[in-house]
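Peer 1: Take a look and give me a structure for this.
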Amino acid sequence: MRVLVIKEGEMLVAQGLERDICAQAPDIETLAQRFHETVIAEQADGCFDQIPPAPHEFHAMWDAGEDLSSPFDRASPDQIEARLAA
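Peer 2: As a prediction, the model looks like this:
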């Protein structure tokens, strides 16, 4: 799953692209953990595969973003590729 990290004021937002799932936190480590927990909760709910992709604007932001060496890899056993929005 691709995750776009967006800075909004003092907070960071992690926006999933293949699934329109997001989490928010004040730092990257907490953000990665919260995003992982959100994905787990959605999977446990049984509706994960029915969640649509994120809106196209986030995909465009992904294309313009820069690779993020991230704690998302450590927070999740799933394959996660993260980028920081420009």
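Peer 1: which other residues reach the helix or strand encompassing residue 62?
Peer 2: Element membership for residue 62 (DSSP states H and E) is helix 56-64. Residues outside helix 56-64 that contact it (CB atoms under 8 Å, 6 or more residues apart in numbering) are 2, 4, 6, 15, 17, 53, 83, 85-86. Glycine gets a C-beta too; all of them are placed from N, C-alpha and C.
Peer 1: and the two most separated of those?
Peer 2: 53 and 86 (20.3 Å; CB to CB).
Peer 1: before we move on, back to that, can you name the element that comes right after the helix holding residue 62?
Peer 2: With DSSP H and E, the next secondary element past helix 56-64 is strand 66-67.
Peer 1: which other helices and strands contact that next one?
Peer 2: When contacts are defined as 3 or more CB pairs under 8 Å, 6 or more residues apart in numbering; DSSP states H and E, strand 66-67 sits against strand 81-84.
Peer 1: sorry, back to before: tell me which residues of the helix holding residue 62 come out buried.
Peer 2: For helix 56-64, burial by neighbour count (16 or more other CB atoms under 10 Å) applies to 58, 61-62.
Peer 1: With stretch 7-24 instead?
Peer 2: Applying 16+ other CB under 10 Å to stretch 7-24 flags 12-17, 19, 21-24 as buried.
Peer 1: Any chance of CSV for those residues, columns pLDDT and distance to residue 67?
Peer 2: Shown next, in CSV, are the buried residues of stretch 7-24 (pLDDT from 0 to 100; distance: CB to CB, whole Å):
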residue, pLDDT, distance to residue 67
12, 97, 16
13, 98, 18
14, 96, 15
15, 97, 16
16, 96, 17
17, 97, 14
19, 96, 21
21, 96, 21
22, 96, 20
23, 97, 20
24, 98, 21
